[in-house]
Structure formats: structure tokens, C-alpha cells
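>>> below is the sequence, then the predicted model.
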Amino acid sequence: DAKTTQPPSMDCAEGRAANLPCNHSTISGNEYVYWYRQIHSQGPQYIIHGLKNNETNEMASLIITEDRKSSTLILPHATLRDTAVYYCIVRDNAGNMLTFGGGTRLMVKP
Amino acid sequence: KAGVTQTPRYLIKTRGQQVTLSCSPISGHRSVSWYQQTPGQGLQFLFEYFSETQRNKGNFPGRFSGRQFSNSRSEMNVSTLELGDSALYLCASGTGYTEAFFGQGTRLTVV
């Protein structure tokens, strides 16, 4: 079973920030939080990952709470091309076994 | 740097047949993992190979098997195909310790 809980869907206005929450209350100390997204019928695309510090790259920012039980993926200026299913995954770095949940379907609207 | 390449992109097979799918990882990556995606079950992990050894295995029947070659390229095989095996099969490559990068998948239709 997936170790994360995400809302099934969210809407965001184009140009606004999209904030996607994820709950991972059972995360263990050696597990990272990873985010991927999947645009219809394509392979999932890696976005960002973190352990306990906030992370930022050219695609997004990842904010992890101090207790590490939840996190938020932030797309600072959402575009129509950001419409996708976003998956939050927790895993340790001992292997590449990713357990996907249902994800959040983000719809960016003009 | 070339991405993950999966071949073929589309495949149609008949029930009872077998099929082999191929995945060429990003150069330098030693880990290849495979996933099945269906509308009903979502994305499910099949298995992971690292340096030619199966490192993790998901909960799939023995009809699903895989292997990895010394150049890190991987194949997965499904024998005695069933209608329910129709799915998008995805492979992902990585160093085995950080992020994995997915290919575009092979869409298998079993008729």
C-alpha cells in the first residue's frame, strides 16, 4: 500500500502558484519524499525530492514540515502544460522500488 | 544525454502468446525497474534489476519475468498472455540510489 495520502484532484488558475499537499505520517527516518508527475499516457516525469530540508529546482519547490509528516509541492507559476497527475512517494534510497498511490489530478485553467 | 528508450512503443498480441519488451537505460545507470499501469490498478511495481541481479520484486505472478544484461539493458517477458495483461508497461532507470527516470512506455494490447 502507498504510504502517502493526496487529494484526488485540484484546480489552479494559470499563472498562479499551485500548492499540492501530501500526507506521509508514517515516514521513517531514512525515507525521502519524491514527487513525480504524469501527463496523459506518457511516462512519469521526475520533479524533485528531499529528506528534511526544503528543496528548490527549476521546476518546483518542495516544503517538508519539521516533523516530516507532510509536505507540499509548489509550482510557482502554473501553466496549462502543468496539467497532469502528481504523485507523492516516500522511499528509502536502497533501491528503485516506487510505490505509487492515486496521486492528485491537477487541472490548470486559463 | 539520451533518455530511457523502450521498444516497441505499441504491441498487439493474442491470448496465450508470450511477449518480450525491451528497455535501454540512460548511459551509466545500473538500475532498471519495471511497472505496469492499468486504469483499474494504477501504477504497480513489477521488479527491479541492479547490476544484472533482481533486487526487488512486486506482487505479480510468475508469468512475469525479467532480466538485465551486462550493458544494463533490460527485458521483461510475459508468458501465456491474458486479456488483463493489457496495459502500459513502463521502465525506469537510475543509479539505484536516487531519482529514477522513466521511458515513454510500451502499450500492450492483448486480444
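That came through, no problem. Please read these numbers as outputs of a predicted model, since none were measured by experiment. Numbering: from 1, shown residues only, chains lettered A, B, ... in the order given.
>>> and the gap between A:Ile64 and A:Ala17?
17 Å (CB to CB, to the nearest Å). Placement of C-beta: from N, CA and C, glycine included.
>>> looking at those two, which one has more neighbours?
Legend: neighbour count by other CB atoms under 10 Å in any protein chain shown for A:Ile64 and A:Ala17, higher for A:Ile64 (21 against 12).
>>> distance between stretch A:76-95 and the chain's centre?
Centroid separation for stretch A:76-95 versus its chain: 4 Å, with CA atoms, centre = their mean, to the nearest Å.
>>> is any part of it close to chain B?
Yes. Interface with chain B: stretch A:76-95 contributes A:87, A:93-95 (CB under 8 Å from any CB of the partner chain).
>>> for the residue in chain A that chain B sits nearest to, give me the pLDDT.
Closest contact between chain A and chain B, by CB to the nearest CB, is at A:Gly43 (3.4 Å). On pLDDT, A:Gly43 comes in at 95.
>>> give me the nearest residue to it, chain neighbours excluded.
Leaving out its chain neighbours, the residue that sits closest to A:Gly43 by CB to CB, 6 or more residues apart in numbering or on different chains is B:Phe102, at 3.4 Å.
>>> now do B:Arg30
That would be B:Ser51: by CB to CB, 6+ apart, it lies 5.1 Å from B:Arg30.
>>> tell me, how many residues neighbour the one you found?
B:Ser51 has 11 neighbours, counted by other CB under 10 Å.
>>> that one and A:Gly95, how far apart?
Separation of B:Ser51 from A:Gly95 (CB to CB): 12 Å.
>>> any idea how far the closest residue to B:Thr7 other than its chain neighbours lies from chain A?
Nearest non-adjacent residue to B:Thr7, counting by CB to CB, 6+ apart: B:Ser22, 4.9 Å away. According to CB to the nearest CB, to the nearest Å, B:Ser22 stands 15 Å off from chain A.
>>> after whatever helix or strand B:Ser22 lives in, which helix or strand is next?
According to DSSP states H and E, B:Ser22 maps onto strand B:19-24. Using DSSP H and E, the helix or strand that directly follows strand B:19-24 along the chain is strand B:31-38.
>>> chain B against chain A: which residues are in contact?
Contact residues (CB under 8 Å from any CB) of chain B with chain A: B:4, B:31, B:33, B:35, B:42-45, B:48, B:50, B:55-56, B:58, B:88, B:90, B:92, B:94, B:96-105, B:107.
>>> could you flag which of those residues are buried?
By neighbour count, with 16 or more other CB atoms under 10 Å in any protein chain shown, the residues of chain B next to chain A hold B:4, B:31, B:33, B:35, B:42-45, B:48, B:50, B:55-56, B:58, B:88, B:90, B:92, B:94, B:96, B:99-105, B:107 as buried.
>>> taking those residues one by one, which sit in strands?
Counted as lying in strands by DSSP state E, out of those, are B:31, B:33, B:35, B:42-45, B:48, B:50, B:55-56, B:88, B:90, B:92, B:94, B:100-102, B:107.
>>> and whichever residue of chain B sits closest to chain A, what's its pLDDT?
Residue nearest to chain A within chain B (CB to the nearest CB): B:Phe102, separated by 3.4 Å. Confidence at B:Phe102, expressed as pLDDT, is 96.
>>> any idea how far B:Tyr10 is from A:Asn54?
A:Asn54 sits 41 Å away from B:Tyr10, going by CB to CB.
>>> between these two, which is the more surrounded one?
A:Asn54 (12 against 9).
>>> any low-confidence regions in chain A?
Counting by pLDDT under 70, chain A shows low-confidence ranges at A:1-2.
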